[in-house]
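In: Sequence unavailable; structure follows:
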């Protein structure tokens, strides 16, 4: 009798090159999208999924070329519909890890409704927002995140719109993982991507990204070595909110109002600073943090604003199907079509 030898299937070890497609990348020289693509390809081996189980979905815009450049499955959708398409993909195959690449115009304008309902339902998606505060693909019109007074081709006298704060929107709509990063901070972006990949539920990452053609320098005060320390506060769990070139400034809470304090004035110390708790079940502090980027004189937060767990839409959807199947058995096409009232047209 022949003995059976167990075959050991070696674990697949991916590299960044395994996630790079053979399609020529076509973005303008200096575009922040290149950095986002590079960090996604570098971190994809850490996502814990086989390459064939990862899907990238996009809408319309410069960012929406993303699926072509990833050596995974992908779907280039229509304007603003990426979140809805991605939801359908996840419901069709629960084993897939589904990512969305979208821009501030694509997701927050025509796609706004799909985005907030994906957050509300807590669909297990990873949404990556490329926010350059401008419409790049259609040549420089103002977008839903452009600052008030922005002069563009579609607002020659300055836009009178108030911009969306994408972090506040995601938090208010119910996203269960909310983060922000910068295109010129690759290590930080890699950390946010890896953490989002491991989150079960709607994970949202806003990437402040430069458009060198139509909105060059929009975030330079946050990304350049000389100005970044004074204008950015890094959110780290269980650590005080401290910033500044010499780490001499902090943020404390006065009730529900944030206040910038000087740690060298003899009146305040690091013990007065707000200690960040990204797992806080109360959404109030996360919302206050999101407001900082809107307030003059305050630094812009990057990092994880908030994360928590609750049942996902797709998980409950699958459980419901299994429960009904256990009660009524497997359905058939005939039962579906002829089990209810029918009419005969003569």
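Out: That came in fine, so what should we check first? This is a predicted model, so every value here is computed, not measured. Numbering: from 1, shown residues only.
In: The stretch 201-346 of the chain: strands as residue ranges?
Out: Using DSSP state E, counting those that start in this stretch, the strands of the stretch 201-346 of the chain run over 203-208, 232-235, 242-243, 249-254, 257-262, 300-307.
In: Now distance to residue 136 too, for those, in TSV please.
Out: No exception for glycine: its C-beta is placed from N, CA and C like everyone else's. Putting those into TSV (distance: least, C-beta to C-beta, whole Å) gives the following:
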stretch	distance to residue 136
strand 203-208	14
strand 232-235	24
strand 242-243	30
strand 249-254	33
strand 257-262	32
strand 300-307	21
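In: Any figure for the gap between the closest residue to residue 61 other than its chain neighbours and residue 109?
Out: Of all residues not flanking residue 61 in the chain, residue 103 sits nearest, at 4.0 Å (C-beta to C-beta, 6 or more residues apart in numbering). To residue 109, residue 103 is 9 Å away according to C-beta to C-beta, to the nearest Å.
In: Likewise for residue 19?
Out: According to C-beta to C-beta, residue 19 and residue 109 sit 29 Å apart.
In: Looking at the two now, which is surrounded by more residues?
Out: When residue 19 and residue 109 are compared for neighbours, residue 19 comes out ahead with 21 against 16, by other C-beta atoms under 10 Å.
In: For that one, list the residues it contacts.
Out: 40-41, 44-45, 51, 70-72 (C-beta atoms under 8 Å, 6 or more residues apart in numbering).
In: try residue 279
Out: 237, 307-308.
In: and with 7 Å instead?
Out: 307-308 (C-beta atoms under 7 Å, 6 or more residues apart in numbering).
In: go on, residue 305?
Out: Shown in contact with residue 305 (C-beta under 7 Å, 6+ apart): 167, 171, 178-179, 235, 278, 286, 289-290.
In: Can you lay out these as CSV showing neighbour count, pLDDT and distance to residue 157?
Out: Compiled in CSV, the contacts of residue 305 are given as follows (neighbours: other C-beta atoms under 10 Å; pLDDT from 0 to 100; distance: C-beta to C-beta, whole Å):
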residue, neighbour count, pLDDT, distance to residue 157
167, 26, 97, 29
171, 21, 96, 33
178, 28, 98, 35
179, 29, 98, 35
235, 18, 98, 37
278, 21, 97, 41
286, 24, 93, 36
289, 26, 97, 34
290, 24, 96, 30
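In: Please list the members of those residues that lie in helices.
Out: If you go by DSSP state H, the contacts of residue 305 have 167, 171, 286, 289-290 in helices.
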